[in-house]
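Asker: Would you be able to build a 3D model of this:
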Amino acid sequence: MADPLGLDIRSLIEVAHMLAEHHKDILRVFGWGLRTYGTDALIREQDQSGKWEAKARIIRDALKLGAPEYQLNETTLNVLHFLFPEIADRVDRGTRGV
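Answerer: Below is the predicted model of the structure:
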């Protein structure tokens, strides 16, 4: 598989781990995207070690508590609207806690 980001990332599970480490603010939207585009099963398949599922549980708990590091900023929100119109309404509801 090609590395479109130039970060030596070769799989979706690697993207998930990178986001969890460096871009927590978009993890909620990443999850919605996985489900919307039908790639949630692929990430589970690639998580052979179970490390992602363990992280995902921690992330889900933090999201439920409204942890600030998982909140989108306005610039990211606008970019997501442009790139992924299919999930724009959900992004809006999620950022308002609806």
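
Asker: So which residues of the chain form helices?
Answerer: Counting by DSSP state H, the chain has helices at residues 12-22, 27-36, 40-46, 51-64, 74-83, 88-95.

Asker: any idea which of the ones you listed is most buried?
Answerer: helix 27-36 (a mean of 18; mean count of other C-beta atoms under 10 Å). Quick note: C-beta positions are derived from backbone N, CA and C, even for glycine.

Asker: Return the mean pLDDT over that helix, rounded to an integer.
Answerer: The average of the pLDDT scores along helix 27-36 is 87.

Asker: now swap in stretch 86-98 and tell me
Answerer: So the average pLDDT for stretch 86-98 ends up being 65.

Asker: contacting residues for Leu63?
Answerer: 27-28, 70 (C-beta atoms under 8 Å, 6 or more residues apart in numbering).

Asker: Where does pLDDT dip in the chain?
Answerer: Along the chain, the parts satisfying pLDDT under 70 run over 1-7, 93-98.

Asker: Nearest the middle, which residue of it would you pick?
Answerer: Phe30 (2.3 Å; C-alpha atoms, centre = their mean).

Asker: List the contacts of it.
Answerer: So Phe30 contacts 15-16, 19 (C-beta under 8 Å, 6+ apart).

Asker: 6 Å - rerun?
Answerer: If you count contacts by C-beta atoms under 6 Å, 6 or more residues apart in numbering, Phe30 has them with Leu19.

Asker: want to throw the contacts of Leu63 into TSV with distance to Phe82?
Answerer: Shown next, in TSV, are the contacts of Leu63 (distance: C-beta to C-beta, whole Å):
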residue	distance to Phe82
Leu27	19
Arg28	18
Tyr70	21
